[in-house]
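Novice: Mind looking at a prediction? Sequence and model below.
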Amino acid sequence: MNILVTGGAGYIGSHVVKQLGQAGHNIIVLDNLIKGFRNAVLYGELIVGNTGDKKLVEQILYGDKIDAVIHFAAFTVVPESVNDPLMYYANNTCNTRSLLKCCAKAGVKYFIFSSTATIYGNAITSGKLSEDRTVSPINPYGTSKLMSEWMLRDYCAVNDMNYVTLRYFNVAGADPDGEIGQSTPGATLLIKVACEVATGKRDKLKLFGTDYPTPDGTGIRDYIHVSDLAKAHVDALDYLKNGGESLLCNCGYGKGYSVRDVIKALNSLVDKPIEVEEQPRREGDPAYLVADPKIIKKKIGWKPEYDNLKTIVKTSLEWEKNPKY
Ligand code: UD1
């Protein structure tokens, strides 16, 4: 298949591009390289530009006879979205609309969209979140993604394009071969930041919130290895190609770990425990996000390979010790 991957030089996108390349697809990556890295694109052609650039996007869609679009390009940092919501609506929501419009004109058949578990907001404090749960984002990042989900759903309802929307839970880890990983400057993700502390790149880990309604008082998340998440995209594409109907599904393991669990897992892999400083809650952070992954497993046949917190942390740590970019 000919596939356009927006944001394919980024953390998750680059892992998807690697697996698509290994599966023999033709790939065009469109990335503005603001957060992405040229060296992270291991397969296909990289075009440096913006997803909101209609002329450029149309040229790619027509010129390369694109069958499927996988859309990652977005800002993803919750606190940043709280401080600058309009930037998030412009880059995430408006650019998705513009991309959809181009896809409509060019007759693209399949669309895979990166959404996020953050749109569930503070829905539950135990158990698992299924896709039919009422969505209620508590930060502009979540709202910007939810609006995109709805545009895609409404567009596909009356047009000849099918989609899979994947609601990612907490992505972490790095390519087990060590070729690609997360190198975003000023990263905010827990496991990334903790590994930076363990390798001496930061002094300490700030633990945001110890008074959540969870067993140890810290936030609980469903951490998913980036290579398993990448596989979900490849499987979703096969599902659509084989005639699958449009689908919305969670992408997580269905297991919750607290911030303290993550610190413990990391400390078991290093000589000296990392320094941790307890802080008040970070604005926009829900207490608890754990996926019910039934739909993705049943409909798409997704089978995770790295469903183990220590493995996830270990691959992050390996990358942090030996980043390639
Ligand atoms: C991440 C994603 C977000 C996605 C969400 C899905 C990014 C930048 N964020 O957000 O896009 O919607 O998962 O669940 O990709 N924590 C600390 N100290 C730190 C960093 C984090 O204590 O330095 C805590 C947080 O308060 C939270 C947990 O660790 O309880 C996870 O936070 P983080 O890794 O930043 O991910 P999310 O905010 O959940």
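Specialist: Done, it's in.
Novice: Look up how far the ligand lies from Tyr120.
Specialist: Applying Cβ to the nearest ligand atom, to the nearest Å, the value for Tyr120 to the ligand is 9 Å. Glycine gets a C-beta too; all of them are placed from N, C-alpha and C.
Novice: In the stretch 151-300 of the chain, which residue sits nearest the ligand?
Specialist: For the stretch 151-300 of the chain, the residue closest to the ligand is Gly219, as judged by Cβ to the nearest ligand atom, at 2.3 Å.
Novice: That residue: how many residues sit nearby?
Specialist: If you count neighbours by other Cβ atoms under 10 Å, Gly219 ends up with 26.
Novice: That one and Val259 touch, don't they?
Specialist: Yes - using Cβ atoms under 8 Å, Gly219 is in contact with Val259, at 5.6 Å.
Novice: Which residue ranges of the chain form helices?
Specialist: Listed in chain order, the helices of the chain (DSSP state H) span 11-22, 54-63, 78-83, 85-88, 95-106, 140-157, 190-198, 226-241, 259-267, 294-295, 309-321.
Novice: JSON lines for those helices, including distance to the ligand?
Specialist: Conversion of the helices of the chain to JSON lines gives the following (distance: least, Cβ to the nearest ligand atom, whole Å):
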{"stretch": "helix 11-22", "distance to the ligand": "8"}
{"stretch": "helix 54-63", "distance to the ligand": "24"}
{"stretch": "helix 78-83", "distance to the ligand": "5"}
{"stretch": "helix 85-88", "distance to the ligand": "11"}
{"stretch": "helix 95-106", "distance to the ligand": "15"}
{"stretch": "helix 140-157", "distance to the ligand": "6"}
{"stretch": "helix 190-198", "distance to the ligand": "3"}
{"stretch": "helix 226-241", "distance to the ligand": "11"}
{"stretch": "helix 259-267", "distance to the ligand": "5"}
{"stretch": "helix 294-295", "distance to the ligand": "17"}
{"stretch": "helix 309-321", "distance to the ligand": "11"}
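Novice: And these, which one averages the lowest pLDDT?
Specialist: When those are compared by mean pLDDT, helix 78-83 comes last with a mean of 91.
Novice: which residues does Ile180 contact?
Specialist: 14-15, 18, 40, 42, 174, 324 (Cβ atoms under 8 Å, 6 or more residues apart in numbering).
Novice: and which of these is nearest to Lys255?
Specialist: Closest approach between the contacts of Ile180 and Lys255, by Cβ to Cβ: Ala174, at 19.7 Å.
Novice: Show the contacting residues for the residue lying closest to the closest one once chain neighbours are set aside.
Specialist: Once flanking residues are discounted, Ala174 sits nearest to Gly181: 3.2 Å by Cβ to Cβ, 6 or more residues apart in numbering. Gly181 is in contact with 11, 174-175, 315-316, 319-320, 323-324, counting by Cβ under 8 Å, 6+ apart.
Novice: In these, which residue is surrounded by the most others?
Specialist: Going by other Cβ under 10 Å, Ala174 tops these with 30 neighbours.
Novice: What number of residues are in the vicinity of the closest residue to Gly217 other than its chain neighbours?
Specialist: Leaving out its chain neighbours, the residue that sits closest to Gly217 by Cβ to Cβ, 6+ apart is Thr210, at 4.4 Å. The tally of other residues near Thr210 (other Cβ under 10 Å) stands at 16.
Novice: so Thr210 touches Arg282, yeah?
Specialist: No - at 11.9 Å, Thr210 does not count as touching Arg282 under the criterion of Cβ under 8 Å.
Novice: What pLDDT is listed against Asp64?
Specialist: Confidence score, pLDDT, at Asp64: 87.
Novice: list the contacts for it?
Specialist: 2, 4, 26, 28.
Novice: just Asp31 next, same as before
Specialist: 6-10, 13, 41, 46-49, 73.
Novice: repeat that for 7 Å
Specialist: 7-10, 46, 48, 73 (Cβ atoms under 7 Å, 6 or more residues apart in numbering).
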